[in-house]
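**Q** Give me a 3D structure for the following:
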Amino acid sequence: MKKFNTNWIGFGILIVAWVSSAFRFASISSEKKSEEDPDAGKKIIRILHWQLEPGYRDGMDRVIEAYNSLPHVKENRVEVRQMAVTERVYAQFLNVHLISGTAPDICEKGMSSILGNGAQLARFFEPISGYVKEQNHYNADEYLPGGMPEELLKILDPPPPPEDPNQERVLPETMDPELAEYLQTVAWSETFTDGMLGGWDDNLQDYIAVPVSSWGAMRTFYNKDLTAEIKTWLKKQWEADPQPEWLSTLVEEEKMVTPNEAFLAWINNSEVPDSLGRFIIFCEAVSRYGEVVGKDKLVAISASSYFTGTMIGAYVVPFTNGMAQKLDADHNSSIGHQELIGGWESGLWSYQDPALKDGFYDVARWLANYYPPGYLGLDREQAARRFTQQNAIFITTGGWDASTLFKGAEGKFEVGVISAPMPVEGERWFPYSAGQPNEAESRLGAPMALNKESRNFEEAVDFLKFMTSFSANQSMNHRAGWIPSVVGAQPNEQMKPFLPKTEGVKGSIRLDPSNVRGINHIYQGKFPLYMVGDISYEQFVADVEESYRNERNGTNRRWHEMFVGGRDRARQLERSMLVSRLRAQEKGWEGENLIKHNNILEYSLGILDGYNTPADFKRYFPDREFPQF
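**A** Numbering: from 1, shown residues only. Predicted coordinates:
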């Protein structure tokens, strides 16, 4: 019989001692953490975004404070915290944390390079179609003006300070009964001014985010004081005999305006230019005035590498809408890459079309004459600073910069806001313009997506419902200087000019060659050179069209890439569809809801299976073989 090895007794004692020690250490650590960690036992919801504009974080803090003060939130030990990261590192920050599984519960969707299509979005963020069908209980009477508790009202709409008793209030005193009934009875998605399209993903055919704000439409800010001063000087130039050569040249040779009654009325007032021709004359006057009074830094339009296309972009729809309508082969009121490329190759549009050559691109060259020297080397902050330091009359940007510009001008000059001026009858560009674009299709912004890995997912959804309730959303955006995303909620007075215009030509029908991925690199490099006069229009067009015809990297390559990209997205969506079916069953979206959920995913697969691209190609070129690489 084999003798028992007593060494095993000692080994067993060591194991017992180690387990006891580890258990004791864990117990003490847990007790110590409970005593010292104020977050112990709390459900912490973190919301990540890159909006560092003045007022936005303060507005969100106010809403977070209000939510954290709610009795049921306190009882459940839920606490929301804000994480603001500069846009310069936001993409890297989000990418790292998404991949490592440590991303915050709520993340502003965008910037990230790994979220380029529906399948990737669905990998990290949870589709929320099941939630948006529910009503938003935070629009109940006890959360609306006239019915909310005094403690909550003081947070969302504190009384004005004694030193400024006439300060604009954030919320109305009472709520319109019809509006209240609407918000309380419709689905959460229907309480958004765009029907929650700002959170919709076409590839997934699902809601993937909650839009909490809107920066509104692009607008042009101007210095009212300097405008009036230069208008007085311009009037004298007009009345001079003889007129300055620059002024007579613009009117008589360049045909910027017709000196009719309307033009003369504008010359004799102190108002900002209200047409494109008058705008060009005024910009030239700014340059001449700066030379006369010794303001060598004064320019008409503040621009930078960030702001390059903003004002010029306002003229894409007016000058290309008529051309684009004949390209809309699938009649969906927008121009896709297939339609743009196929239209160019088949001769349906050309860079020699008058609306482009004598319209849009001519306007672009003239506007660039009034940008600061070396503007492509300037950044966004430098452009804004030039305006607030009164070294530029105009700057075109979105509502996200409104607070910065208004606050930067405080105590110095009065700021006005206008839409980009359009050509009027009798002006150089009027024959090529379709008129003011309709902005009604604008989607809401600042979309907040829900991290699939969130440990407190339901609580995160609840907070987003609160943030997009009438009272909370108006309170936050009023302070932020943005436009609310909720039906009936009103922006502050400064932001009302940014509300989308609902009249004009359809904004989605546009021909934009700069937006054709894969073959736009030459365009993006040559267009600025043309704008500043380094190359002629003929050279610009020759270089761009040569890149289109390139056998390896031109339009043929783009057709092939669209096919491959659609096929790959279809494969990714097939995997997402299987996961979504399981999640739909898990969340109880059974019966008709589950069938609908499956149908929309299968529909998206049919659209993105890639084979629609060869079919489009054959429609344009029935006798050509589809490009293969």
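
**Q** which residues sit in contact with the nearest residue to residue 258 once chain neighbours are set aside?
**A** Nearest non-adjacent residue to residue 258, counting by Cβ to Cβ, 6 or more residues apart in numbering: residue 426, 3.3 Å away. Yep, even glycine has a C-beta here, placed from its N, CA and C like the rest. Shown in contact with residue 426 (Cβ atoms under 8 Å, 6 or more residues apart in numbering): 257, 258, 260, 277.

**Q** tell me which of those is nearest to residue 319?
**A** residue 277 (14.5 Å; Cβ to Cβ).

**Q** Just give me the neighbour total for the closest one.
**A** Neighbour count of residue 277, defined by other Cβ atoms under 10 Å: 25.

**Q** Am I right that it sits in a strand?
**A** No: counting by DSSP: H, G, I helix; E, B strand; the rest coil, residue 277 is not part of a strand but helix.

**Q** any low-confidence regions in the stretch 151-300 of the chain?
**A** Within the stretch 151-300 of the chain, no range satisfies pLDDT under 70.

**Q** in it, which spans are strands?
**A** 200-201, 206-207, 210-214, 219-223, 299-301 (DSSP state E, counting those that start in this stretch).

**Q** Mean neighbour count and distance to residue 347 added to these, as TSV?
**A** As requested, the strands of the stretch 151-300 of the chain are exported to TSV (neighbours: other Cβ atoms under 10 Å; distance: least, Cβ to Cβ, whole Å):
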stretch	mean neighbour count	distance to residue 347
strand 200-201	20	35
strand 206-207	24	39
strand 210-214	28	40
strand 219-223	24	36
strand 299-301	25	36
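
**Q** so how far is residue 384 from residue 286?
**A** Noted for residue 286: a distance of 18 Å to residue 384, by Cβ to Cβ, to the nearest Å.

**Q** Mind telling me which residue is nearest the centre of this structure?
**A** In the chain, the residue lying closest to the centroid (Cα atoms, centre = their mean) is residue 445, at 5.2 Å.

**Q** Next up, phi/psi of it, please.
**A** Recorded main-chain torsions at residue 445 are phi -120, psi -170, according to degrees, to the nearest 10.

**Q** just to revisit the earlier point, need the strands of the stretch 151-300 of the chain in TSV with distance to residue 153, can you?
**A** Listed next are the strands of the stretch 151-300 of the chain as TSV, based on distance: least, Cβ to Cβ, whole Å:
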stretch	distance to residue 153
strand 200-201	33
strand 206-207	31
strand 210-214	21
strand 219-223	32
strand 299-301	44
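
**Q** Those: which one's closest to residue 502?
**A** strand 210-214 (14.4 Å).

**Q** Direction included, what does that closest one pair up with?
**A** Strand 210-214 pairs in its sheet with strand 445-450 (antiparallel), strand 483-484 (antiparallel), by DSSP bridges.

**Q** And the chain, split by domain according to the record?
**A** 43-216+443-485, 219-438, 513-620 (automatic domain parsing).

**Q** Let me see the ranges of the strands in the chain.
**A** Along the chain, the stretches classed as strands by DSSP state E are 43-49, 78-84, 106-108, 200-201, 206-207, 210-214, 219-223, 299-301, 392-397, 415-418, 437-438, 445-450, 483-484, 505-506.

**Q** Of those, which is nearest residue 537?
**A** Of all those, strand 299-301 sits nearest to residue 537, with 20.9 Å by Cβ to Cβ.

**Q** Which residues does that closest one contact?
**A** 282-284, 286-287, 290, 311, 367, 370-372, 386, 391-396.

**Q** same deal with stretch 618-629?
**A** Contacts for stretch 618-629 (Cβ under 8 Å, 6+ apart): 329, 342-343, 345-346, 552, 556-557, 559-560, 563, 614, 617.

**Q** is it true that residue 124 touches residue 97?
**A** No: Residue 124 is beyond contact range of residue 97, at 9.8 Å (criterion: Cβ atoms under 8 Å).

**Q** So between these two, which is more surrounded?
**A** Per other Cβ under 10 Å, whichever of residue 124 and residue 97 has more neighbours is residue 124, with 24 against 17.

**Q** Identify the residues contacting that one.
**A** Contacts of residue 124 by Cβ under 8 Å, 6+ apart are 98, 103, 114, 115, 451, 452.

**Q** if we go to 10 Å?
**A** Residue 124 makes contact with 94-95, 97-99, 101, 103, 107, 109, 112, 114-115, 208, 449-453 under the criterion Cβ atoms under 10 Å, 6 or more residues apart in numbering.

**Q** go on, residue 177?
**A** Residue 177 neighbours (Cβ under 10 Å, 6+ apart): residue 146.

**Q** where do the helices sit along the stretch 1-150 of the chain?
**A** 7-36, 56-68, 71-75, 87-100, 118-124, 129-132, 150-156 (DSSP state H, counting those that start in this stretch).

**Q** in the second one, what's buried?
**A** Right, helix 56-68. Neighbour counts over helix 56-68 (16 or more other Cβ atoms under 10 Å) mark 56, 57, 59, 60, 62, 63, 64, 66, 67, 68 as buried.

**Q** wait, isn't the residue nearest to the centre of the chain in contact with residue 210?
**A** No: contact between residue 445 and residue 210 fails when scored by Cβ atoms under 10 Å: they sit 11.4 Å apart.

**Q** any residues in contact with both of those two?
**A** Contacts common to residue 445 and residue 210, judged by Cβ under 10 Å, 6+ apart, are 198, 485.

**Q** that older thread, with distance to residue 245 as added columns, please give the strands of the chain in JSON lines.
**A** What follows is these, written out as JSON lines (distance: least, Cβ to Cβ, whole Å):
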{"stretch": "strand 43-49", "distance to residue 245": "53"}
{"stretch": "strand 78-84", "distance to residue 245": "53"}
{"stretch": "strand 106-108", "distance to residue 245": "53"}
{"stretch": "strand 200-201", "distance to residue 245": "55"}
{"stretch": "strand 206-207", "distance to residue 245": "60"}
{"stretch": "strand 210-214", "distance to residue 245": "46"}
{"stretch": "strand 219-223", "distance to residue 245": "27"}
{"stretch": "strand 299-301", "distance to residue 245": "19"}
{"stretch": "strand 392-397", "distance to residue 245": "22"}
{"stretch": "strand 415-418", "distance to residue 245": "29"}
{"stretch": "strand 437-438", "distance to residue 245": "36"}
{"stretch": "strand 445-450", "distance to residue 245": "47"}
{"stretch": "strand 483-484", "distance to residue 245": "45"}
{"stretch": "strand 505-506", "distance to residue 245": "37"}
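
**Q** who wins for proximity to residue 150 among those?
**A** Residue 150 lies closest to strand 78-84 among the strands of the chain, at 22.0 Å (Cβ to Cβ).

**Q** so what secondary structure elements neighbour the closest one?
**A** strand 43-49, helix 56-68, helix 71-75, strand 106-108, helix 457-467 (3 or more Cβ pairs under 10 Å, 6 or more residues apart in numbering; DSSP states H and E).

**Q** 7 Å - rerun?
**A** strand 43-49, helix 56-68 (3 or more Cβ pairs under 7 Å, 6 or more residues apart in numbering; DSSP states H and E).

**Q** between the domains of the chain, which gets nearest to residue 505?
**A** Closest among the domains of the chain, once you apply Cβ to Cβ, is domain 219-438, at 4.7 Å.
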